[in-house]
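> Quick one, what's the 3D model for this:
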Amino acid sequence: MAQFTKSDLFRRKLMDSPPPTSTNGSGEHSKSSSAAMPIMVSILVVVIFGTSLYCVYCWRWRKRNAIRRAQIDSLRPLSNSDLPLVDLATIQAATNNFAKDNKLGEGGFGPVYRGVLSGGVEIAVKRLSTKSRQGTVEFRNEVELIAKLQHRNLVRLLGCCVERDEKLLIYEYLPNRSLDAFLFGESDSSKHDQLDWKRRHPIIMGIARGLLYLHEDSVPKVIHRDLKASNVLLDNKMNPKISDFGMAKIFEGEDNEVNIGRVVGTFGYVAPEYAMEGIFSVKSDVFSFGVLLLEILSGQRNGASYFQQHGQTLLRKAWKLWIEDRATEFVDPLLGDSYSTTEAWRCFHVGLLCVQENPDDRPTMSNVVLMLISEQMQLPMPTEPPSFADRPAASGSDLSSTTKTNSTKTRSVNEVTITLIEPR
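Sure, this is the predicted structure:
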């Protein structure tokens, strides 16, 4: 039998005994794991939330850029006409960030500002209002039309801007601004005094030639649809230039008239067939020209104040004096005896021919120009102009009224919907 020493027995005991356990260390590890769990979950939530926000930002950024690219792409064909696209920063610098002091007036589609480019060139900037009814389609319509039209009696478009939420048109600046400020002179009678017959007659002829170009010489044919005194601008030599083509329409091929649902324009200048039935044609512009011609001749606006004062429209007054052979009483008294009786009488006669109720009876603009310059041409007898009272308008009419601003300018507010047409 083998014998073991004490040291061997002690060594064997050590080898057979189980390893000691550390109860306190395990408990501390479990507690630390439980405490770290909420922190890890919180970090994960923050990461997920931040990633979501970033994705939403990227999506909105891409969407905005896609819209802007689409707008620029829609205007890209204009590059063929060499119309420059001006960046927004340049326009903001030119207008002193659209400062109130640089505001020239306000039209139906937004305000117009004066600006000076870095080279000293003066410009007029038409800024599309966010509340305006003119959207991208109408904006592009005006840009495309004016870019193609070249005539001394049409306002010249220098460039445009489509950036961020801004849509801007840059025109040549005309220092004498609009005809209505001179013609009606509500707040500055000295301007009215400057409009003698030697200036009025060339203005009439210039407007007629500009409209003739739109109707017959431009390709395609263009109908303005909002011809009025405030949309005729005057340069430093008092030459007239037709402006504001936001509501203009193109006529393709042999089309002569169009029937639309929504009537737009300025009350007092709108032809009866357009106001009542929504039908417009070149003869609708001829009617507006006739109203404007009679306003230039008389120095009075065909508006609500005239009707309230005289109990009839300016057109009805003109007709009454015509049938009573008292045409000289229609001429602006401020002209005195300084005007040509022959020219004034011919303008009065042509004006009445243009505002006849039946569009077929109205002359074309080529005939209007010919009648105004030819003293030998025999003019037909006019028929009675329309009476708008108590007659229904076409559904969806958006006829603007002409109201006075704080300065000498006027504006068209294309936000008035009516169901009955009454003389304004």
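
> Residue 123 sits in which helix or strand?
strand 122-127 (DSSP states H and E).

> any idea how far residue 126 is from the most centrally placed residue in the chain?
The chain has residue 109 as the residue nearest its centroid, 3.5 Å off, counting by C-alpha atoms, centre = their mean. Residue 109 is 7 Å from residue 126, where distance means C-beta to C-beta, to the nearest Å. C-beta coordinates here come from the backbone N, C-alpha and C atoms, glycine included.

> tell me the strands in the stretch 1-150 of the chain, going along the chain?
All strands of the stretch 1-150 of the chain, identified by DSSP state E, counting those that start in this stretch, fall at 103-107, 110-116, 122-127.

> Can you add mean pLDDT and distance to residue 372 and give the ones you listed back as TSV?
Putting the strands of the stretch 1-150 of the chain into TSV (pLDDT from 0 to 100; distance: least, C-beta to C-beta, whole Å) gives the following:
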stretch	mean pLDDT	distance to residue 372
strand 103-107	82	28
strand 110-116	91	30
strand 122-127	92	29
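
> Let me have those strands in TSV, extended by distance to residue 38.
Rendered in TSV, the data for those read as follows (distance: least, C-beta to C-beta, whole Å):
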stretch	distance to residue 38
strand 103-107	60
strand 110-116	56
strand 122-127	55
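
> Residue 50: which of those strands is closest?
Closest to residue 50 of the strands of the stretch 1-150 of the chain is strand 122-127 (C-beta to C-beta; 38.3 Å).

> Mind listing residues that contact the closest one?
Strand 122-127 is contacted from outside by 91, 94-95, 98, 104, 107, 109-117, 158, 166-175, using C-beta atoms under 8 Å, 6 or more residues apart in numbering.

> Strand partners (parallel or antiparallel) of it?
strand 110-116 (antiparallel), strand 166-172 (antiparallel) (DSSP bridges).

> The first one: which residues count as buried?
Along strand 110-116, the positions that meet the burial threshold by neighbour count (16 or more other C-beta atoms under 10 Å) are 110-115.

> Please apply the same query to the last one.
Burial within strand 166-172, assessed by neighbour count using 16+ other C-beta under 10 Å, is assigned to 167-172.

> Could you dump those into CSV and include distance to residue 45 and pLDDT?
Putting those into CSV (distance: C-beta to C-beta, whole Å; pLDDT from 0 to 100) gives the following:
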residue, distance to residue 45, pLDDT
167, 43, 87
168, 45, 90
169, 50, 89
170, 51, 92
171, 56, 91
172, 60, 91
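
> which among those residues gets closest to residue 250?
Once C-beta to C-beta is applied, the member of those that ends up nearest residue 250 is residue 169, at 17.9 Å.

> pLDDT weak spots in the stretch 101-250 of the chain?
For the stretch 101-250 of the chain, the stretches with pLDDT under 70 are 107-108, 130-138, 141-142, 186-189.

> can you map out the helices along it?
136-148, 179-183, 189-194, 197-212 (DSSP state H, counting those that start in this stretch).

> right, so of these, which gets closest to residue 48?
Shortest distance between residue 48 and the helices of the stretch 101-250 of the chain, using C-beta to C-beta, is found for helix 136-148: 38.0 Å.

> Could I get the contacting residues of the nearest residue to residue 157 once chain neighbours are set aside?
Sequence neighbours aside, residue 146 is the residue nearest to residue 157 in space, at 4.0 Å (criterion: C-beta to C-beta, 6 or more residues apart in numbering). Contact partners of residue 146, counting by C-beta under 8 Å, 6+ apart, are 154-157, 169, 245.

> and residue 264, that's in a strand?
Yes. Remark: residue 264 belongs to a strand, assigned using DSSP: H, G, I helix; E, B strand; the rest coil.

> Great, nothing more from me.
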